[in-house]
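A.B. asks: here are the coordinates; sequence isn't available:
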């Protein structure tokens, strides 16, 4: 009878290899290295680029990075049924891992297709419309916080004393 821990042939048991899908850490990025990715950041920006490097904190180095700016339908005029988008070349881009909200590999066969419901537009126009939309949303949020404070709710940082 073989001693405990040894298999029939006197060999110790071999550790099992886990499939890549089992990793829940930055090691999952190994399969995505040198592939084109779309990265959505916490601040709302969308980046596309080739993943060249990463570390244990999931900080990313993207090459040939483009930031895609979207303007939803109806921003320019109520009759506008399709949104607009434009790309800004960013080159080599370092992303702090904690700012990554979502990340996925891009299908290279469909890479050049415009996003469904959006048309390409002039960069300056899209940037102007996006800034206007952001200012409107900020003003709306400010009105909402003010209205809520009148009925007793406190918004972010309202109740904090400044020292």
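C.D. replies: Thanks, I have it. Keep in mind it's a predicted model, so treat the numbers as computed, not measured. Residues are numbered from 1 along each chain as shown.
A.B. asks: neighbouring contacts of stretch 124-144?
C.D. replies: 69-72, 75-76, 84-86 (C-beta atoms under 8 Å, 6 or more residues apart in numbering). (Each C-beta comes from the backbone N, C-alpha and C, glycine too.)
A.B. asks: out of those, which are buried?
C.D. replies: Using 16 or more other C-beta atoms under 10 Å as the burial test, the contacts of stretch 124-144 include 69-71, 75-76, 84-86 as buried.
A.B. asks: now the helices for this structure?
C.D. replies: Under the criterion DSSP state H, the chain carries helices at the ranges 123-150.
A.B. asks: for it, which residues score under the pLDDT cut-off?
C.D. replies: Residues of the chain meeting the criterion pLDDT under 70: 1-14, 17-25, 155-163.
A.B. asks: just want the most central residue of it.
C.D. replies: By C-alpha atoms, centre = their mean, the chain has its centre lying nearest to residue 40, at 1.4 Å.
A.B. asks: for residue 42, see how far away the residue lying closest to that one once chain neighbours are set aside is.
C.D. replies: Distances taken as C-beta to C-beta, 6 or more residues apart in numbering place residue 102 nearest to residue 40, at 4.2 Å, with adjacent residues excluded. Distance, residue 102 to residue 42, by C-beta to C-beta, to the nearest Å: 10 Å.
A.B. asks: next one: residue 117
C.D. replies: 24 Å.
A.B. asks: residue 86 too?
C.D. replies: When residue 86 is compared with residue 42 (using C-beta to C-beta), they lie 22 Å apart.
A.B. asks: next up, the contacts around the residue nearest to the centre of the chain.
C.D. replies: Going by C-beta under 8 Å, 6+ apart, residue 40 touches 46-47, 100-103.
A.B. asks: out of these, which is most surrounded?
C.D. replies: residue 47 (21 neighbours; other C-beta atoms under 10 Å).
A.B. asks: understood, closing this out.
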